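Student: the following block contains a protein sequence and its predicted model.
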Amino acid sequence: MNPKPLLSVIFSAFAFASISGCNQPARVVTDDRDKIVSIDQIDVQDWSNAADQVLQQLFASGALETAPMKPARIEVTRVVNDTAQRIDTDLLTQKIKIALTQSGKVVFASSDTRANEVADYRDFKAGDDAPRLPFFVINGKILEIRSSAGSTKQSSFVFQLNLVNTVESIDAWSGEAEVTKQGTRNAKNSRG
Amino acid sequence: MRPVITRTLLLASVLLVGCYANTITSSQQIRKDGWLASHANVRVVRETKVSDDLLRVDVEVENTQPFNSRFNYKFEFFDAEGRLLFSPVSGYRQEQVAAGAFSTVTATASDPRAADFRLTLTNAD
């Protein structure tokens, strides 16, 4: 009996099994635990984590209640990206904006030029020339700290935010969130 | 003979289901997976209001094992009618807790309609 055909069948089956084991068809990921964890960059779930941390600090501080009018007018001025990555800071500020608006404590001034023109025109027609000034502004910074030990790499991303009272020009609140990730390579998920 | 077999099968199926289903602890609001049900203990749950009307929940999770452990957790908030409230920052977070120590996980609802919560804890090791 010639063992060659049998060996060839076994080898082919093994190769097929290996290939299909490595290839993973694309799927929609909705569970954060199944999202890729990168060591050296901010992942989509990290933005949500950071926004959650700073929002909890802000709500607990009671700073939003210091405004004389409710909801208080608020504006996001600038969030500086001081990391090595090219990132859109709206990934953080939009989450904060949604949550703060949901709370009913503030209203965000629109950055839409046309909307502002129309509002100015309406004010002009009504004889109201007082500018719409925000009571609060939000500014911030995102920083990155990297380190390594042997083959283990670590990245820390620090998200700093300030809520400024524009009447007195003081920081009514300052908050900070940190996301630190460590490993030798990126992970497919965080399920362990 | 037949009732014995029936009872054995019933007991076996209950045990099997118990291994795979989420375990609901004494508090209906906290769900732990099978592994955590025997490895972690929820010590204290505090529900308070912050910023006047926002529900804040603090839960102390104790690692009952003699080794360091990691777990994933997620808070969800519901209104008085039991409807899930959307949050732009909801999702699983990961927490480390040393052997025999405890860690406090917290969440604040951004919607003042939040009246109830659910916390899901799963193993991350």
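Tutor: That came in fine, so what should we check first?

Student: which SS state does the spatially most central residue of chain A fall under?
Tutor: By C-alpha atoms, centre = their mean, the mean C-alpha position of chain A lies nearest to A:Trp47, the distance being 2.4 Å. Under DSSP: H, G, I helix; E, B strand; the rest coil, the three-state class of A:Trp47 is helix.

Student: then B:Trp35?
Tutor: Secondary structure, three-state DSSP: B:Trp35 is helix.

Student: what's the distance between it and A:Asp31?
Tutor: Per C-beta to C-beta, to the nearest Å, B:Trp35 is found 17 Å from A:Asp31. No exception for glycine: its C-beta is placed from N, CA and C like everyone else's.

Student: just A:Asp171 next, same as before
Tutor: 37 Å.

Student: before we move on, what about B:Ala115?
Tutor: Distance of B:Ala115 to A:Asp31, computed by C-beta to C-beta: 25 Å.

Student: which one of those two is surrounded by more residues?
Tutor: Shown here are B:Ala115 and A:Asp31; by other C-beta atoms under 10 Å in any protein chain shown, B:Ala115 has more neighbours (17 against 14).

Student: can you confirm A:Asp171 is in a strand?
Tutor: Yes: note on A:Asp171: a strand contains this position according to three-state DSSP.

Student: name the helix or strand for the residue nearest to it when sequence neighbours are not counted, please.
Tutor: Of all residues not flanking A:Asp171 in the chain, A:Asn162 sits nearest, at 4.9 Å (C-beta to C-beta, 6 or more residues apart in numbering or on different chains). If you go by DSSP states H and E, A:Asn162 is part of strand A:152-165.

Student: and that strand, what does it pack onto?
Tutor: With contacts taken as 3 or more C-beta pairs under 8 Å, 6 or more residues apart in numbering or on different chains; DSSP states H and E, strand A:152-165 sits against helix A:44-61, strand A:136-149, strand A:170-183.
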